[in-house]
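Visitor: starting from these lines, generate the structure:
(4 chains)
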Amino acid sequence: MKTDENKVMRLKEAVEKYVTNGCHLSIGGFTLNRNPMAAVHEIIRQRKKNLHVYAHSNGQGVDELIGGGCVSHLEIAYGGTGKFMPTCIRFRKAVEAQTLMVEDYSNFQMTLRFMAGAMGVPFLPTRSSLGTDIINKWGFSENFRKENPRIPDEKLVVMDNPFDGWCDTEKVVLVPAINPDVTIIHVQTADVRGNCRMEGLTFADVEQAKASRVLIVTCEDLVDEEYLKTDPDRNQIPFIHATAVVKVPFGAYPTACFRYYDYDPVYMNAYVRAAHDDKEFEQFLNDMVYPHQTHADLLDHVGRHRLESIRADRSCGYAKDLDRK
Amino acid sequence: MKTDENKVMRLKEAVEKYVTNGCHLSIGGFTLNRNPMAAVHEIIRQRKKNLHVYAHSNGQGVDELIGGGCVSHLEIAYGGTGKFMPTCIRFRKAVEAQTLMVEDYSNFQMTLRFMAGAMGVPFLPTRSSLGTDIINKWGFSENFRKENPRIPDEKLVVMDNPFDGWCDTEKVVLVPAINPDVTIIHVQTADVRGNCRMEGLTFADVEQAKASRVLIVTCEDLVDEEYLKTDPDRNQIPFIHATAVVKVPFGAYPTACFRYYDYDPVYMNAYVRAAHDDKEFEQFLNDMVYPHQTHADLLDHVGRHRLESIRADRSCGYAKDLDRK
Amino acid sequence: MEYTLKELMTICAAREINNGDIVFCGTGISMLAAMAAKNINAPDSVIFFETGAIDSKLAHIPLAVADPRIMYHTSANGGLMDAFCTMQNPFVGQRVVGILGAAQIDIYGNLNSTVIGDYNAPDVRFSGSGGACDVASFVSRSIIFMKMEKRKFKKKLDYLTSPGYLDGPDGRKKAGLPPGGPDKVITDMGVMGFDPDTKQMILLGWFPGITPEQILDNMEFEIQTDRAVEIAVPTQTELTLLREKCDPHGLIL
Amino acid sequence: MEYTLKELMTICAAREINNGDIVFCGTGISMLAAMAAKNINAPDSVIFFETGAIDSKLAHIPLAVADPRIMYHTSANGGLMDAFCTMQNPFVGQRVVGILGAAQIDIYGNLNSTVIGDYNAPDVRFSGSGGACDVASFVSRSIIFMKMEKRKFKKKLDYLTSPGYLDGPDGRKKAGLPPGGPDKVITDMGVMGFDPDTKQMILLGWFPGITPEQILDNMEFEIQTDRAVEIAVPTQTELTLLREKCDPHGLIL
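Guide: Reported below is the predicted structural model:
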C-alpha cells in the first residue's frame, strides 16, 4: 500500500465496500455526541443485515442501526442517550422481543477491550465488576462462543493476581480484546491521507479506530496535510490507521459535534416519540432516512432553520441559546 | 485536601520535603529532552542517598543522579542519551563497579509498568521479550525481592493466554505495576493548581505522573488557570494528580524543551569528557552543581551567550542553527 | 419557602459532597446534585465525567455525560480511558464520590440497571451498566438516587449490575474489589445509610410529612429505623442557588 | 564516485526499505538510513520513533530519538504508549520495519545490547534494550547494523536482549512471539540474510574489495556463502542525495 495515497471516497461507496452483511462493526461517539450518523443512515439505507456491533455507550447511532433492522448481535455497556432517551427504545424492544442477542459489559470494560485490540494483546485486566452478574451471566452462550471463531470462548476471565497481592490486589478480571472488521468515526478535521483531529472529548474513538482492520473516517472539514502537520500536538490518529476518508458536513447530525454544532432536540424528541411504536418508527425511517440519496439530502429535508438553531457558538463550542426541552 | 489550593513551592523546599533518602523516584523526559534537570541538580545538591529510581530512557537526568551518588537501585530500559552518550557513562561505571543494583526491562515494559500504576492494576500484558534474557535473568535476586515489600516478588510473569489462542496469541508476559513515591516532570506550562500542558512529545510523563503518590511539576511558564482551561484539548495532566508546582525557567537545561530551547551541546560534550574520569567528574559537579544555590545561579554560570545559542526558533521549536558537533 | 420533592432530593445529595471530593456524576438529578454542591456547600469539589472531562465549568446544564456543555472550560479533555483510569487510580480514585441511580437496590446497596426478569429473556430491558459498575467497583463512596417502591427495594435483584457490599461486610474483599461502597441512598421519602458493621441499609432520616412506617411499606426488605431523624428542609439559600445558578430553565427540576 | 564505508552501509540499508514501510529507527546510522530511503528510493515510507512521533519531517537530522527535531511537522505527537502500541498493533505493526544495532549477534539474529560477561557482575555494561527488544519482538522485519568482529558475531550471546529467531525455525512460535524476525544484517564488510528454512544467517553479498573468507574470519560461527554476490556500489544519485539531503553538516557520516 502506498502511504501517501489519497483515501478520499464517497460515503455510499465506502459503506458498500467495507460494511458487509454480518461484519463486525463499531462506531465512534458517545450517546448524543459525535456519532457517525451520516454513515449510520447510509448503512440503514443500504439495508445491511446481521451486523455484529461493539458499543460502549454509542447511543443514538446504535439505536438507529437496531431500529433499521441491521443488527443481530450487540456487545454493549449502555443503551441510552441521557435525558432524551434514558434507555434506547429500539434497543429495548429488540432485546425484549429477543430479536437481538446482547452481551453486557461496563463502559470501562468495553474501552479496555478496544484498547487491547489496538495494543495487540488478547486481554487487559481491571478490578471492575468483580462479584457482579456482568461476570456471572452470559448473553452469548458457551456453545455460541465455541462455534463462532470471531468471538472469544469466554466472556470474561477472573484470575488471581500472579504477583501475590501486589498493589493490594488479590483478583482481577481480564476482558478480551476486540478487533472489529470496520470502525467508523466522525471527526472535526481530517486530511486526504486520514490524519485526524478531534476537538473536545475523544471518548474511545482513538482506541476503536486503532483496533479495527478497516477505519472509515467521516469529517466536517477535509484539509491540506500541511494544516494538520503544523500543529501535531492536536492530532490523535495518524494516517497509518485510516482506510477511507469522507467529507460529510454535519456528518454527526442529529448528534453534536463540538465547536461545529449541537445535538438537535427536535430530531431527538421526534425520534423518541416515533420509536415507541413500530409503525410510527417505520414512518420515521421513511421520512428521515430511506428517501434521501445522501446526507446532504437529509439536511435539505431538515432545513436551514433547524441547522442554524444548533450552530455552535464560537465562545463555548455549543449552541448557547438552543431550546433543549 | 482543598482542591483549589495553591501548590506553588520553591524547588529547594519541594525536594527537601518529598525526595527523602531511600525513596522510590521517577523522573520525566527522554534521553536529552525535557528531563527535570533543575530538580535533578537540587537532589544532587541536597546529597540525597539510596534512591530507588525507575526509568525508561531518562538519560541525562538518571546519569547525573547516579554520578551524584544518589542512586542505589535502578530499574531501567536504556541508559544513554543518543549520539552524545550511547551508553550513559556514570551508569556504566556504577554497574561495572557493582555499586548500583540494576533490573533491566524494555522501554515498552517500563511504560506499561507506569501505565499499570496509573490505572490501578497490578500488571499489564505484552508479547515483548518472550524468549529473551529480560525474562530469564534477574538483576534483583529472589531474596531481595521477597524481603523488600516495595517491589513485587517477581520481575516478570510469563502466562498462557487464558482466552485460548484469542488474537493468535499463545503466551503473554505480565509486567508489574510501579507506583513511585515521587515523580518529577518538567513541562512547558502549568497553573498554580497543577494543571499541565506539554508541547511536542509527551514520552511517558503522563503515565509516570499519574502512577505516583507525589507529583512535583516544574514548569517554564506558570500561568493563570484561565489560560489553560480555555484550550483544554492541549492539557495532558489535570491538577488532581499534582502535589507541588515550581516555576523554573530553563528547568530542563541542559536537555531540550520543545518550543523553548534546545539541548546544549557544550554542556553535553563537557559532561561526557568529565564523566569518564572520577576526579574530573567530581570537578564537574564542583563547577556545575554544588556551588549554585539555585538553578538560576547555574544558568548565570552558563551565561547568556550559551543560553541564547540554544533558544528555540519559533518556526520549528528547536535551535535551527545550533552547532551540534 | 416552598420546595419540590426533586429539589429536596437534590439538596440532600449535595449536602453529602465535601470540598476536595471529585464527583462522578451521570445525567439528570445526579448531575444537578453535583452542580448544587459546587454552588452551595462545596465550591472546591471537582465535577468529573466518565467521558473524560475534569472540572467542567458547566455554564449551562448538560443533558447527557457526552453533552458538548461538559467539554467547555475543563482542566483537560481526554477520553473514557483517562476517566476510568482516574477512578481506578490508587491515589486520586480514593477521592472520587460516585452519584448513581438504578432500577433496583438490595439491602447491601447492590444495584440493578440491566433487566427485570430472566437475563436471557427479560421482561424489561434497561440501559445496562454504562460506567455505573465501574464507579461502584472503584470509588471510595457512592450516593444513590432511588424511588421508594416495593419493586425497586428488592430482597433479591434480578441482575446485579453494580456492586454495593455484595453479601455482607466481607463481600467486597472476598470478591476482590477495592474497599469502598455505597454511603447514602436518597429517595423520595427519606435518606438511608449503611450500618458500619453489618453493611446493611438503615434509615437515617425521613422527609417532612413522611413517617418511617411509610418508608418501610415501600420496601420488600426490612431495615432498622431507630437511628433516623426528620431531615432538615432546604434553606432559602440552598433553594435560590439551586434554582438560579444550576437549572434556571428548569431542564431537570 | 568515491564513497565512505559508512555511506555504503547506509545506502545498503536504505535499499531494503520499500514504499509503504513504516520505519522504526534509532539514533545515528539507523536514522540516517531511514532518511536516505525516504530521500532516495522509498519516498512514501514513513519514519517513526519509539518516543511517539510519526512521519516527522526531519528538516534537520536528529541526534537522538527524543531530539526536538523529530517533533516538528509530524502526523501526530504522542508518547511511548502510542508508539509501542502501534508496533504491537495487529494491522499496522505488520508494516513496521525496524532498524537496530547491537554489541553482539548470533547465527539466529538474536542481539545483545546489555552486558559482556556475567549479567550480575558484568565486564562491560551497555545501554540495555531501550525499545530494541520491543521492536524485535513485534515487527515483521528488522534490519541490523553490525561491525564485523569475532567478539560481535558470537556462537553464544552473553545476554539475549532482542529476539531474532531464538533457537531456530520454531523458536519464535514456541516462545509465544509473533511471526517476523531479522531480515538483513548490514556490516562493514558485506550483507547477511537468513535462510528461509533454517533461519540461520547466510552471506548475501560482500562489499567491493572484500572476500567472503575475510568475512568468515571475523565471525565466531560459520555461515553459508554460496548464495553471495558482490554488492553494487552506491550510485552517484544515491550519494548525492544522502550527502546533500540527509546529512549536509556531516553530523553522522
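Visitor: would you mark the buried spots in stretch A:157-174?
Guide: A:157-158, A:161-163, A:166-167, A:169-174 (16 or more other CB atoms under 10 Å in any protein chain shown). No exception for glycine: its C-beta is placed from N, CA and C like everyone else's.
Visitor: per-residue pLDDT, residue 25?
Guide: Since no chain was named, I'll use chain A. A:Leu25 is assigned 98 on the pLDDT scale.
Visitor: sorry, should have said chain C
Guide: At C:Cys25, the predicted lDDT confidence score is 89.
Visitor: quick check: pLDDT value at the closest residue to A:Tyr253 other than its chain neighbours.
Guide: Leaving aside its chain neighbours, A:Tyr253 sits nearest to A:Met37 (5.9 Å; criterion: CB to CB, 6 or more residues apart in numbering or on different chains). Per-residue pLDDT puts A:Met37 at 98.
Visitor: how much space separates A:Met37 from A:Gly80?
Guide: Separation of A:Met37 from A:Gly80 (CB to CB, to the nearest Å): 16 Å.
Visitor: the stretch 1-150 of chain A: strands as residue ranges?
Guide: A:24-27, A:51-54, A:71-76, A:101-104, A:123-126 (DSSP state E, counting those that start in this stretch).
Visitor: show me the one of those that comes nearest D:Val65.
Guide: strand A:123-126 (26.8 Å; CB to CB).
Visitor: can you tell me what sits against that closest one?
Guide: Contacts to strand A:123-126, defined as CB atoms under 8 Å, 6 or more residues apart in numbering or on different chains, come from residues A:108-109, A:112-113, A:115-116, A:157, A:159, A:172-177, B:119, B:121-125, B:161-163, B:166, C:88, C:134.
Visitor: ok, stretch A:166-175 next?
Guide: A:105, A:109, A:112-113, A:116, A:123-130, A:135, A:156-161, B:116-117, B:120-123, B:152-153, B:162-163, B:176-177, B:179, C:90, C:175-176, C:178.
Visitor: could you measure from the closest residue to A:Lys48 other than its chain neighbours over to C:Leu241?
Guide: Once flanking residues are discounted, A:Lys48 sits nearest to A:Cys70: 4.9 Å by CB to CB, 6+ apart. Note on A:Cys70: its distance to C:Leu241, by CB to CB, is 47 Å.
Visitor: any chance of the buried residues of stretch A:157-174 in JSON lines, with distance to B:Ile89 and secondary structure too?
Guide: Below are the buried residues of stretch A:157-174 laid out as JSON lines (distance: CB to CB, whole Å; DSSP: H, G, I helix; E, B strand; the rest coil):
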{"residue": "A:Val157", "distance to B:Ile89": "47", "secondary structure": "strand"}
{"residue": "A:Val158", "distance to B:Ile89": "48", "secondary structure": "strand"}
{"residue": "A:Asn161", "distance to B:Ile89": "39", "secondary structure": "coil"}
{"residue": "A:Pro162", "distance to B:Ile89": "37", "secondary structure": "coil"}
{"residue": "A:Phe163", "distance to B:Ile89": "34", "secondary structure": "coil"}
{"residue": "A:Trp166", "distance to B:Ile89": "34", "secondary structure": "helix"}
{"residue": "A:Cys167", "distance to B:Ile89": "35", "secondary structure": "helix"}
{"residue": "A:Thr169", "distance to B:Ile89": "39", "secondary structure": "coil"}
{"residue": "A:Glu170", "distance to B:Ile89": "44", "secondary structure": "coil"}
{"residue": "A:Lys171", "distance to B:Ile89": "45", "secondary structure": "strand"}
{"residue": "A:Val172", "distance to B:Ile89": "41", "secondary structure": "strand"}
{"residue": "A:Val173", "distance to B:Ile89": "46", "secondary structure": "strand"}
{"residue": "A:Leu174", "distance to B:Ile89": "43", "secondary structure": "strand"}
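Visitor: A:Leu100 - how many residues pack around it?
Guide: 21 (other CB atoms under 10 Å in any protein chain shown).
Visitor: I figured it was touching A:Val71, is that so?
Guide: Yes. In terms of CB atoms under 8 Å, A:Leu100 counts as a neighbour of A:Val71; the distance is 6.3 Å.
Visitor: overlap in contacts, these two.
Guide: In contact with both A:Leu100 and A:Val71: A:Ala94, using CB under 8 Å, 6+ apart.
Visitor: what's the nearest residue to A:Ala211 if we skip its chain neighbours?
Guide: A:Gly117 (3.1 Å).
Visitor: kindly report the same for A:Val95.
Guide: C:Arg125 is the one closest to A:Val95 (CB to CB, 6+ apart), at 4.1 Å.
Visitor: how about the helices in the stretch 1-150 of chain A?
Guide: For the stretch 1-150 of chain A, helices defined by DSSP state H, counting those that start in this stretch occupy the ranges A:11-18, A:37-45, A:59-67, A:89-96, A:107-119, A:133-136, A:142-147.
Visitor: how about the shortest one, does it get close to chain C?
Guide: Yes. Residues of helix A:133-136 are located near chain C by CB under 8 Å from any CB of the partner chain, namely A:Asp133, A:Ile134, A:Asn136.
Visitor: and those, which of them are buried?
Guide: Buried members of the residues of helix A:133-136 next to chain C, counted by 16+ other CB under 10 Å: A:Asp133, A:Ile134.
Visitor: nearest to chain C, of the residues of helix A:133-136 next to chain C?
Guide: A:Asp133 (4.5 Å; CB to the nearest CB).
Visitor: pLDDT score assigned to the nearest residue to C:Thr114 once chain neighbours are set aside?
Guide: Nearest residue to C:Thr114 in three dimensions, chain neighbours excluded: C:Tyr159, at 4.3 Å (CB to CB, 6+ apart). Looking at C:Tyr159, its pLDDT stands at 98.
Visitor: any low-confidence regions in the stretch 1-150 of chain A?
Guide: Along the stretch 1-150 of chain A, segments meeting pLDDT under 70 span A:1-4.
Visitor: nearest to chain D: which residue in it?
Guide: Nearest to chain D in the stretch 1-150 of chain A, going by CB to the nearest CB, is A:Gly120, at a distance of 3.7 Å.
Visitor: ok, that residue touching D:Gln88?
Guide: Yes. Using CB under 8 Å, A:Gly120 is in contact with D:Gln88, at 3.7 Å.
Visitor: not counting residues beside it along the chain, what's closest to C:Lys156?
Guide: C:Lys156 sits nearest to C:Asp106 (CB to CB, 6+ apart), 6.8 Å away.
Visitor: what about the one you found, how many neighbours?
Guide: 22.
Visitor: and if you look at A:Phe140?
Guide: A:Phe140 has 16 nearby residues by other CB under 10 Å.
Visitor: ok, now how distant is it from chain C?
Guide: Distance of A:Phe140 to chain C, computed by CB to the nearest CB, to the nearest Å: 10 Å.
Visitor: tell me the contacts of that residue?
Guide: Neighbour list for A:Phe140: A:His73, A:Met101, A:Glu103, A:Asn148, A:Ile151, A:Lys155 [criterion: CB under 8 Å, 6+ apart].
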